[in-house]
Structure formats: C-alpha cells, structure tokens
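J.: Using only what follows, build the 3D model:
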Amino acid sequence: MNELSTLKKSTIVSADKREMTNIVSQYLEDMAYNGGEPLKDLALCRKYIFLLEELEKGLKDFAIKELETYDRNETDVLGTTVKAVDAGVKYDFSETKAWTEQKARVDAESKKLKEIETFAKSVKSKTTTVNQETGEMLEYYPPVKTSSTSIRVTLS
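T.: Numbering: from 1, shown residues only. Just a heads-up that it's a prediction; the model follows:
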C-alpha cells in the first residue's frame, strides 16, 4: 500500500502531540490569513479518518498478539504508549432479586418520563391537563430546543 508507505515517511511519525497541535494551528492560521479550500480539506480529513480507523480496526488483533510478548502487555512506539487493556466490561445483575425489582421500577418511571417528553414536544404553548388517576392538574410547556451547527461529511 504505497499511500501508507508515504505516510510512514511523514514528519508526523516522529511528532508528539504538542507538535501535531502546532502543525494544525499553523495550518488554520494560514487559512485564516491567506484563504484556502476548507471544504476540500474537510473532505480529505474525513477520508483519512475513515482510512485510518479501518486500518486501526484491522491492526488490532495483530497488535494484541504482539503486545503479549511485552512485559505488562505494553510498549512505547513512535512516541506513543501502546498497551492492551480490558475495555467494555459488562456485568449481569439479573440473578439478584433486589436489582431486578429496582430495575423494573426504574424502567417503568423511565417510560413515564419518555411519555411526558413526547407529549411536551407536541404542545405549542402552555397546556393544562388533568391526571385521570389522581385528578391532579398538570401544566406542560413546550420544551426549549437548543442545537449547534455541525458539518456532516459522507463518503461515497
């Protein structure tokens, strides 16, 4: 894979986190002052991210096998520490009666909360309803919606 051979020769290989941050800062500063092609650069970033994430996934099993040959399953490579760690540990509490009972109560309350949220999203102004079970008057207000602008880059 010639593209990866070229990347291996890049100065980034020997750069630490601070140096890479400086590279990015200088690049963005240059773009701010001199202009550039931000959409093309963003698309290129997304392609490299995809390529490198896929490569990282593919290398994982090979790296774990090699790390088994090191003391504490850990080594330093190219200014990084590479270590095999347990991740995604899960526990099953379903055999514990107290847990299953509490979980059922939490799930029931979560369902009620979701129903309230769904109803509140549908109101356009303050709305008063009566709880059929308790006769209590309930006021609902439209939720405040916040968002931020992001950019989605989709590979074809």
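J.: name the element the residue in the chain sticking out farthest from the centre belongs to?
T.: Computed with C-alpha atoms, centre = their mean, the maximum C-alpha offset from the centroid of the chain is found at G135, amounting to 43.8 Å. Using DSSP states H and E, G135 maps to neither a helix nor a strand.
J.: ok, longest helix in the chain?
T.: Ranked by residue count and defined by DSSP state H, the top helix of the chain is helix 38-67.
J.: counting contacts, what elements does it pack onto?
T.: strand 80-83 (3 or more C-beta pairs under 8 Å, 6 or more residues apart in numbering; DSSP states H and E). The way it works is simple: take the backbone N, C-alpha and C, and place the C-beta from them, glycine included.
J.: mind checking how far the strand it packs on is from the chain centre?
T.: 21 Å (C-alpha atoms, centre = their mean, to the nearest Å).
J.: now what about that strand, what contacts it?
T.: 63, 67, 72-76 (C-beta atoms under 8 Å, 6 or more residues apart in numbering).
J.: what do you get for stretch 98-108?
T.: So stretch 98-108 is contacted by 93-94 (C-beta under 8 Å, 6+ apart).
J.: before we move on, back to that, identify the residues contacting the next helix-or-strand element following the longest helix of the chain?
T.: Downstream of helix 38-67, the first helix or strand assigned by DSSP H and E is strand 74-77. Residues outside strand 74-77 that contact it (C-beta under 8 Å, 6+ apart) are 67, 81-84.
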